[in-house]
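Participant: My questions are about this predicted structure, shown below with the sequence.
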Amino acid sequence: MKKALITGITGQDGAYLAEFLLKKDYEVHGIIRRASMFNTQRIDHLYRDPHDPNARLFLHYGDLSDGTGLRRILEAVQPDEIYNLGAQSHVKVSFDQPEYTADVVGTGTLRLFEAVRDHLKNSNSDIRLYQAGSSEMFGSAAPPQLETTAFEPRSPYAISKVAGYWFARNYREAYDMFIANGILFNHESPLRGETFVTRKITRAVGRIKLGLQDKLFLGNLDAKRDWGFAGDYVEVMWKMLQHSEPDDFVVATGEAHSVREFLEAAFIHVGLDFEKYVEIDQRYFRPTEVDHLLGNPSKAAEKLSWKPKVSFQGLVAMMVDHDMEQAEREKLLVDAGHKVGQEGVANG
């Protein structure tokens, strides 16, 4: 049975990837950060008590800021594949916490590669690594963007991801390590964090439809993104590590839509006009904007036989339907006289 180690397993991508790999009969290990509150909601349905002889999902406390801890986890797990998904992944927050973002996203990747390099040297084992890149690395580069497009990052997050990409390339070439770079364009789902614009929109749609919220405050509605479904994209992460040789791949749908288009589709899905409820707030604009990201996934289609299954309209409908159900549960509690706090509201 193959073993996979996932950093960032409690995030959107980590949860979908863990489920995907378990269905492939992997033993899955995830690195989680210690927190005062439970943060495993996305993977709780996959978890079994480690005393269960059929358990195949195991969690380990660790952090990309702690190289010694990473080495200990590698020694304990002895993985065949590593998926580095851990990050401070919110672009706007990276302007508020640039040093922390660079340490975890950029230097954290280096710590992981160094830990793996030492492990390979001492154990004579074979490990394949997936390094999560981001379309934000392209920044202001003209669309469409593909593997040969020069990076023009426009945020501390994007710059840190570029560093991780080049660490991967360097370690691949210098030490003959199998490291694949996946440059994933925006990928969303009902598991997306509620401070990300797509989920912020679909949560608001459900609450506004049921009278639980009056307004939705957003920033730049004209930014265009190539939006796909996260559940589709974890499959291609796996495919990269099954490929005969490590390479770099753009993962995208090949079509772009503006935030305004996403808004319109989401509100229309429940029979509302978004212009009656949405207001612009300057605090949600980035210091340096990225106007248009559109990926060319032809290399992944040709070499990995991969293409996305969920359309833009299907993605919007999936997320709105999920958040309508969540709003309905919330309204039941409110109607029964309970006060319900909106999760993450303090984070905007």
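Facilitator: Nice, thanks for sending it over.
Participant: Who is Phe58 paired with across the strands?
Facilitator: Beta-bridge pairing for Phe58 (DSSP bridges): His29.
Participant: So what's the residue count around it?
Facilitator: For Phe58, the tally of surrounding residues (other CB atoms under 10 Å) stands at 16. Just so you know, the C-beta spots here come from the backbone N, C-alpha and C atoms, and that holds for glycine as well.
Participant: His322: what's it in contact with?
Facilitator: Pro190, Thr202 (CB atoms under 8 Å, 6 or more residues apart in numbering).
Participant: Quickly find the element holding it.
Facilitator: helix 312-335 (DSSP states H and E).
Participant: quick one, strands of the chain?
Facilitator: 3-7, 27-32, 57-61, 81-84, 128-134, 178-184, 187-188, 216-218, 224-225, 228-229, 248-251, 257-258, 278-280 (DSSP state E).
Participant: Those strands: which one's closest to Leu315?
Facilitator: With CB to CB as the measure, strand 228-229 is the member of the strands of the chain nearest Leu315 (5.2 Å).
Participant: what does that closest one rub up against?
Facilitator: By CB under 8 Å, 6+ apart, strand 228-229 touches 185-189, 251-253, 308-310, 314-315, 318.
Participant: how is the protein carved up into domains?
Facilitator: What automatic domain parsing lists as the domains of the chain is 3-189+226-251, 197-224+256-288+311-339.
Participant: Kindly reformat the ones you listed as CSV containing distance to Lys303 and mean pLDDT.
Facilitator: Shown next, in CSV, are the domains of the chain (distance: least, CB to CB, whole Å; pLDDT from 0 to 100):
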stretch, distance to Lys303, mean pLDDT
domain 3-189+226-251, 7, 96
domain 197-224+256-288+311-339, 23, 96
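Participant: how close does Thr10 sit to Asn39?
Facilitator: Distance, Thr10 to Asn39, by CB to CB, to the nearest Å: 5 Å.
Participant: Now do the shared contacts for these two.
Facilitator: Common neighbours of Thr10 and Asn39 (CB under 8 Å, 6+ apart) are Ile32.
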